[in-house]
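A.B. asks: what's the 3D shape of this:
(one chain, ligands or ions: 1)
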Amino acid sequence: MKRIITYGTFDLLHYGHINLLSRAKAMGDYLIVVLSTDEFNWNEKQKKCYFSYDVRKQLLEAIRYVDLVIPESSWEQKNTDIAEYHVDVFVMGDDWKGKFDFLSGKCEVVYLERTPEISTTQIKNDLFSNSR
Ligand code: C2G
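C.D. replies: Next comes the predicted model:
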C-alpha cells in the first residue's frame, strides 16, 4: 500500500484544496491529511480560521480522497509523522517548493502546481468587498 501525506489549514475548503487532495491521492492508495490545529494556525501562521479544527476535520473526512486526518501542532512533526505512518510520498502545493526537500531522505517529496485564481484570502476579500 502506497501511503501519501500532506499538510495544511484547509479553511473555507475550496476547489484548489480538492484539486490538491485529488492529485495527491492519485499518487498512491492511502492519503493522510495533517490538519493544522487552531493554536498552530494562530501561533505559527498568524491565521485565524473561520472554521474550528473539528469542523475542518469533519469536512476533510467527508472527502472521498482522504483516508485519515490527524492534527498538525508543530512545524517539526513531519519527520516523526513520516516514520510513524510509513509514508512513501510527501506532497504539498508548489507555493512550498523547496521548503521540505530535507524530507527527501525519508520519502519522496513532490510539489504539485497550485490551482490558480483561488485562495481562502481571496474568498474572504471578495465577500467583504461585495458586502459594502
Ligand atoms: N493549495 C493549492 N491551490 C490553491 C490553494 C491551496 O494547491 N489555490 C494547496 C496548498 O499548496 C497546500 C494545500 O492546498 O498544499 C493546503 O493549503 P493551505 O490550507 O493554505 O495550507 P498552508 O497554510 O499552506 O499549510 O506544514 C505545512 C503547512 O501546514 C501548510
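A.B. asks: Tell me which helix or strand comes right after the helix or strand residue 20 falls within.
C.D. replies: Per DSSP states H and E, residue 20 falls inside helix 15-25. Next in sequence after helix 15-25, counting helices and strands by DSSP H and E, comes strand 30-36.
A.B. asks: pull the helix or strand with minimum mean pLDDT from this protein.
C.D. replies: helix 120-130 (a mean of 92; mean pLDDT, DSSP states H and E).
A.B. asks: which ones are touching the residue of the chain found nearest the ligand?
C.D. replies: In the chain, no residue comes nearer to the ligand than residue 93, which is 1.7 Å away by CB to the nearest ligand atom. (C-beta placed from N, C-alpha, C; glycine too.) Residues near residue 93 by CB atoms under 8 Å, 6 or more residues apart in numbering: 16, 20, 111, 112, 113, 114.
A.B. asks: Return the alpha-carbon coordinates of the least confident helix or strand of the chain using PDB.
C.D. replies: Output in PDB follows, covering the C-alpha atoms of helix 120-130 (Å, rounded to 0.1, in the frame of the first residue of the first chain):
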ATOM      1  CA  THR A 120      -9.100  31.400   1.200                       C
ATOM      2  CA  THR A 121      -7.800  35.000   1.400                       C
ATOM      3  CA  GLN A 122      -9.400  35.800  -2.000                       C
ATOM      4  CA  ILE A 123     -12.700  34.400  -0.900                       C
ATOM      5  CA  LYS A 124     -12.700  36.500   2.200                       C
ATOM      6  CA  ASN A 125     -11.700  39.600   0.300                       C
ATOM      7  CA  ASP A 126     -14.300  39.000  -2.400                       C
ATOM      8  CA  LEU A 127     -17.100  38.500   0.200                       C
ATOM      9  CA  PHE A 128     -16.000  41.600   2.100                       C
ATOM     10  CA  SER A 129     -15.900  43.900  -0.900                       C
ATOM     11  CA  ASN A 130     -19.300  42.700  -2.200                       C
END
